[in-house]
Each structure stands twice: as structure tokens, then as C-alpha cells.
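Chemist: how would this look folded up:
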Amino acid sequence: MASHGRKYLEAREKVDREKLYDPIEALELLKGISYVNFDETVEVHLRTSLDPRQADQQIRDVVVMPNGLGKSVTVVVFAQGEAAEVAREAGADYIADSDELVEQIQNGWTDFDVAIATPDMMGTVGRLGRVLGPRGLMPNPKAGTVVQSDGIAEAINAAKAGRIEFRLDKTANIHVPIGKISFEVKELHENLVAFIIAVRQARPAGASGNFIRRVTVTSSMTPGIKVDPYASSLTL
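Modeler: Residues are numbered from 1 along each chain as shown. Purely as a prediction, here's the structure:
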């Protein structure tokens with residue numbers, strides 16, 4: 001097992017691993033124990049009581065972080081003709097309207113954060129499932145990334161503003177970024193609340209009781225801090 005450095009161990013000493021922290025207290029502590037000289041990503045790891053093998057216990061939805069994610073979002077749009085022009089004008093970073101870019105992706109190029117497609121391009125996109133699927137980049141109507149041409153601009157703007165897709169993984173967990181360590185506690189808290197509310201609203205039919213078991217906040221280099229998933233400050 002890999003050993004941690006001195007600074008990490010010192011940070012871990014400041015965290016009570018048995019305590020369920022109030023969300024604001026947890027975020028204040030997280031910022032206080034950050035010890036690296038780069039702007040770490042703050043992440044939330046949410047443990048559920050769901051069974052990912054059951055069709056009625058799946059979660060897949062989207063949330064717009066009210067304060068963004070603190071990073072530029074690169075968007076690819078699969079569109080042709082007039083829809084491609086709309087995407088270009090709306091600020092898409094890449095337009096997959098040619099065989100050349102499609103072939104690049106097929107060969108493993110995924111230097112982008114979000115893929116958006118018009119319905120008529122889904123036949124082409126489907127051939128890229130082997131590359132896009134495992135990376136969570138496959139356009140999906142439920143995630144708002146398969147849109148008609150008149151919805152392309154809105155989808156691009158939402159993606160660049162901090163709209164992210166979240167889903168239950170095979171171990172019944174959900175993992176999302178909620179910003180950068182340089183964010184104010186208030187900004188991180190508002191993003192955390194938006195995410196928790198979105199998960200509650202996406203509650204699947206097969207969920208029973210309080211299906212959110214554990215919430216942990218962490219950053220790229222710091223130990224995790226357990227958050228009370230039913231704290232009053234996790235509501236608007």
C-alpha cells in the first residue's frame with residue numbers, strides 16, 4: 001500500500017474520521033487543510049444504498065452548478081449543415097461534421113469535456129460508443145446532450161456554465177466535482193446543495209428509505225471529510 005507524505009498525514013490528523021461534519025464546517029476544514037500550491041478540484045463522493053444491478057434503482061441525471069466548476073469546458077458538437085453553424089456561433093470548441101474528426105475520436109482522441117449531438121447524427125455517434133461510453137462522454141437525451149438544432153446554443157451554454165451529468169456507478173456511488181479549492185466556502189456550499197438536491201429529485205422508483213448513505217468531500221490531494229447527508233444546511 002502506498003505511503004502518504006508528511007503534509008498529507010498532518011492534514012489527516014486535523015480530520016475527525018468518526019464525525020459527520022456540518023457541510024459548511026466540512027468545506028471550511030477542507031480549505032484549511034489544503035497544502036499544495038495548485039488550485040485543487042473539490043469533489044463529492046456520495047454513497048447510496050441502491051443496487052446498481054436493478055433497473056429500477058438507477059440514477060442518471062444532470063445538475064447545473066450555480067457557481068460553475070472553475071475551469072474552462074471544452075465542447076464537441078456532432079452536427080451538420082445549419083446546425084453545425086449554430087453550434088459554431090454558440091461557441092462550440094469542435095464541430096464533428098466531417099469524417100476526419102469522427103475518425104480521430106474513433107482512434108481514441110477525447111480531449112474534450114462534453115459531447116453534444118443532434119438526433120440525425122446519433123448513427124455516427126453510436127459507432128463511437130466504445131470510446132465515448134467508458135469516459136462518460138456519450139450524448140444522451142436525458143442529460144440534455146442530444147438536442148434539436150434550436151436547442152444547441154442552450155446546451156452549449158449550459159455545458160460551459162457548469163452543467164454536469166452524474167450517474168450511479170457499479171459500486172452504488174456517485175462522484176462529481178463541485179468547484180475549486182480557491183472558491184469561497186459559500187460558493188462550494190451552494191454547488192454542494194445543488195448537487196444533493198438534484199440527487200434527491202432523481203430518486204429512483206426502487207429506492208427505499210434514506211437512500212443516501214454517506215457524503216464525503218475531498219480535494220485532489222487531501223483526505224476525505226464525512227458530511228452529514230441530512231444536515232439542515234443541505235437544503236435551499
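
Chemist: Name the nearest residue to D93, sequence neighbours excluded.
Modeler: T74 (4.8 Å; Cβ to Cβ, 6 or more residues apart in numbering). Any C-beta I mention is one placed from the backbone N, CA and C, and that applies to glycine too.

Chemist: okay, the residue nearest in space to the middle of the chain: pLDDT?
Modeler: Nearest to the mean C-alpha position of the chain, by Cα atoms, centre = their mean, lies V176 at 3.9 Å. If you check V176, the pLDDT there is 93.

Chemist: Buried ones in whichever strand or helix holds it, by neighbour count?
Modeler: Here V176, judged by DSSP states H and E, is contained in strand 173-180. Within strand 173-180, the residues that qualify as buried are N173, I174, V176, P177, I178, G179, K180, counting by 16 or more other Cβ atoms under 10 Å.

Chemist: got the contact list for it?
Modeler: Applying Cβ atoms under 8 Å, 6 or more residues apart in numbering, the contact partners of strand 173-180 are 39-48, 59, 63, 65, 67-71, 164, 166-169, 187-188, 191-192, 195, 199, 217.

Chemist: Narrow these to those that are buried.
Modeler: 39-44, 46-48, 59, 63, 65, 67-70, 164, 166-168, 187-188, 191-192, 195, 199, 217.

Chemist: so the residue nearest to D93 touches D111, yeah?
Modeler: Yes: between T74 and D111 there is a contact under Cβ atoms under 8 Å: 7.0 Å.

Chemist: more crowded one of those two?
Modeler: Using other Cβ atoms under 10 Å as the criterion, T74 and D111 rank with T74 on top: 15 against 10.

Chemist: Send me the longest helix along the chain as CSV with only the CA atoms.
Modeler: With DSSP state H applied, the helix covering the greatest number of residues in the chain is identified as helix 185-201. Taking Å, rounded to 0.1, in the frame of the first residue of the first chain, the C-alpha atoms of helix 185-201 are listed here in CSV:
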residue,chain,number,x,y,z
VAL,A,185,-16.9,28.4,1.1
LYS,A,186,-20.3,29.9,0.2
GLU,A,187,-19.8,29.1,-3.5
LEU,A,188,-18.7,25.5,-2.8
HIS,A,189,-21.7,25.1,-0.4
GLU,A,190,-24.2,26.3,-3.0
ASN,A,191,-22.8,23.9,-5.5
LEU,A,192,-22.9,21.0,-3.0
VAL,A,193,-26.5,21.8,-2.1
ALA,A,194,-27.5,22.0,-5.8
PHE,A,195,-26.0,18.5,-6.3
ILE,A,196,-27.6,16.9,-3.3
ILE,A,197,-31.0,18.3,-4.2
ALA,A,198,-30.6,17.0,-7.8
VAL,A,199,-29.7,13.5,-6.5
ARG,A,200,-32.8,13.6,-4.2
GLN,A,201,-35.0,14.7,-7.1
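
Chemist: Just checking, which helix or strand succeeds it along the chain?
Modeler: Next along from helix 185-201, by DSSP H and E: strand 212-219.

Chemist: D56 contacts A205, correct?
Modeler: Yes: D56 lies in contact with A205 (Cβ under 8 Å); the separation is 4.7 Å.

Chemist: In contact with A158, which residues?
Modeler: V64, G144.

Chemist: quick one: what helix or strand has it in it?
Modeler: Judged by DSSP H and E, A158 forms part of helix 152-161.

Chemist: For R12, see how far away the closest residue to G70 other than its chain neighbours is.
Modeler: Beyond its immediate neighbours in the sequence, the residue positioned closest to G70 (Cβ to Cβ, 6+ apart) is K180, lying 3.6 Å away. Going from K180 to R12 by Cβ to Cβ, to the nearest Å gives 21 Å.
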